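Trainee: structural data only, the sequence is not supplied:
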Ligand SMILES: [Fe+2]
């Protein structure tokens, strides 16, 4: 199939070109300021790991080599907006600075990072990057856009659990805010921007479990002990226990699910109007 092989070659060429570009771009933010330098190295390592994780996830979901390559491009570019964000604002909190996904899309446009991909392939990358950091994914144009967006969010979350691990034991002694506890008991996602205490933030991270799409990802989160570590750090209380029981029951059911990307090939959206 010459057409398919040519897409594989084209996507791999875009991936390699962007890997080189990202290396130089990330290095351009290296700084004598220790706080900035630490943040840059942290995000550089996160970028590399998310690219690897989404690759493994795409393979697990049975996608073709060319569709795996497209997923890797998304992993590589998803946080391109982070480097300038921290350097300028000294925070990774979007609500206190800027939407790093939107900034990433602009960088991708200004530097023509997606040149070499067809418009419909570019649309898949842009959609996944745009919605990787939002509370939920906007209505997607088709199953393909949705499937890739889910994969990127899962890959990102799995690595963020890893990044946050050293911060878990920190406590400010103020417990969990009452409205956060209620949401936890109901099994409803909390709004991170409304978190007021260290324990609120832990609860938000724990409740990401409800937002993990694939059993493959949840299995890795579980195996690495992130869920148990978060639970150990929570304050005790009847309502907290109820929330934990609900979460663990959800996890048990989710782990038994059979994963499905929701699409078989990215070419399914090739002829969608306007792409
Ligand atoms: Fe991000």
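Mentor: Okay, I see it. Keep in mind the model is a prediction, meaning the values are calculated, not measured. Numbers count the residues shown, from 1 in each chain.
Trainee: please tell me how far the one residue in the chain that gets nearest to the ion sits from residue 253.
Mentor: Per Cβ to the ion, residue 79 is where the chain lies closest to the ion, at 4.3 Å. The way it works is simple: take the backbone N, C-alpha and C, and place the C-beta from them, glycine included. From residue 79 over to residue 253 the distance is 31 Å, taken as Cβ to Cβ, to the nearest Å.
Trainee: which of the two has more neighbours?
Mentor: Taking neighbours as other Cβ atoms under 10 Å, residue 79 and residue 253 compare with residue 79 leading, 24 against 9.
Trainee: distance of residue 142 relative to residue 260?
Mentor: Counting by Cβ to Cβ, the gap from residue 142 to residue 260 is 15 Å.
Trainee: tell me the domain ranges of the protein?
Mentor: Per the record, the chain has its domains at 2-161, 174-255, by automatic domain parsing.
Trainee: state the mean pLDDT of stretch 150-157.
Mentor: For stretch 150-157, mean pLDDT rounds to 97.
Trainee: thought residue 78 was touching residue 130?
Mentor: No: here residue 78 does not reach residue 130: they are 9.9 Å apart, not a contact under Cβ atoms under 8 Å.
Trainee: what is in contact with the two at once?
Mentor: Residues touching both residue 78 and residue 130 by Cβ atoms under 8 Å, 6 or more residues apart in numbering: residue 101.
Trainee: those two - which one has more neighbours?
Mentor: Using other Cβ under 10 Å as the criterion, residue 78 and residue 130 rank with residue 78 on top: 27 against 18.
Trainee: for that one, what are its contacts?
Mentor: 47, 50, 101, 104, 128, 129, 132, 152, 156.
Trainee: burial measure for the fourth one, as a count.
Mentor: By the other Cβ under 10 Å criterion, the neighbourhood of residue 104 contains 25 residues.
Trainee: over to the fifth one?
Mentor: Here the neighbour count serves as a burial measure; for residue 128 (other Cβ under 10 Å) it reads 29.
Trainee: out of the contacts of residue 78, which are buried?
Mentor: 47, 50, 101, 104, 128, 129, 132, 152, 156 (16 or more other Cβ atoms under 10 Å).
Trainee: ok, the residues you listed vs residue 222, which is closest?
Mentor: Nearest to residue 222 among the buried ones among the contacts of residue 78: residue 156, at 17.5 Å, using Cβ to Cβ.
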